[in-house]
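> next input, structure requested:
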Amino acid sequence: MRSVISVYVENKYGVLARVAGLFMRRGFNIDSLTVSETEDSRYSRITITMDGDENSREQLISQLTKLQNVRSVKLLGGDSTVEREIMLIKVKNTPENRSEIMAATEIYRAKIIDYTTDAMCVEVTGEPSKIKAFIEVMKPIGIVEMCRTGVVALDRGANVLEK
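Predicted coordinates for the structure are as follows:
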């Protein structure tokens, strides 16, 4: 089961290493990890996606709350959460597939950010499922390389991560 965990931490040296180390010690793989300062530069938000059963997830959340410099931990998901990811993907550009790339870019509301006679670089922003679908459309065209940011997520509305 896929889980998105938001960890609100003090913006201090070594905090990310302690958080990632907890996953390593427990033998869990982090599918994606994003970290950035929050609206208050003293704090950062770490967004982690992982696969695991409910028991494992609850155990990790409990352990995360005990770590030094961790202010709060929250499981995100469902209709009450907004999730986004950014991907840059470079695909082969030939006269035969150019219109297909441009059509897919328009359908997925993506942007062509670099264009050469042999490759196009496209920026796609959206939910992880949209990113995965775009990748599947581009596979037959020929993916040269790609890079994804990982998930960032917030609760909808006035819901706030406890600080």
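> count of neighbours near the nearest residue to residue 43 once chain neighbours are set aside?
Distances taken as C-beta to C-beta, 6 or more residues apart in numbering place residue 11 nearest to residue 43, at 5.5 Å, with adjacent residues excluded. Glycine gets a C-beta too; all of them are placed from N, C-alpha and C. Per other C-beta atoms under 10 Å, the neighbour tally for residue 11 reads 16.
> need the contact partners of the longest strand seen in the chain.
Ranked by residue count under DSSP state E, the longest strand found in the chain is strand 81-92. Contacts of strand 81-92 from elsewhere in the structure, counted by C-beta atoms under 8 Å, 6 or more residues apart in numbering, are 4, 32, 76, 97, 101, 113-114, 118-128, 131, 134-135, 138, 141-156.
> buried members of those into ChimeraX, please.
This is how ChimeraX selects the buried members of the contacts of strand 81-92, with burial counted by 16 or more other C-beta atoms under 10 Å:
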select :4,32,76,97,101,120,121,122,124,126,128,131,134,138,141,146,148,150,151,152,153,154,155
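> could you point out which element follows the longest strand of the chain?
Next helix or strand after strand 81-92 toward the C-terminus (DSSP states H and E): helix 98-107.
> who's in contact with residue 18?
Taking C-beta under 8 Å, 6+ apart as the test, what residue 18 contacts is 67, 68, 69.
> which regions of this structure lie under the pLDDT threshold?
Across the chain, residues meeting the criterion (pLDDT under 70) sit at 159-163.
> quick check: bridge partners of residue 36?
residue 45 (DSSP bridges).
> quick one: the strands in this protein?
Using DSSP E, strands in the chain cover 2-10, 30-37, 43-51, 70-76, 81-92, 111-115, 119-126, 143-148, 152-155.
> between those strands, which one is nearest to residue 21?
Evaluated over these, closeness to residue 21 peaks at strand 30-37, with 11.1 Å, by C-beta to C-beta.
> burial of the closest residue to residue 149 other than its chain neighbours, as a residue count?
Leaving aside its chain neighbours, residue 149 sits nearest to residue 86 (4.5 Å; criterion: C-beta to C-beta, 6+ apart). Residue 86: 15 surrounding residues under other C-beta under 10 Å.
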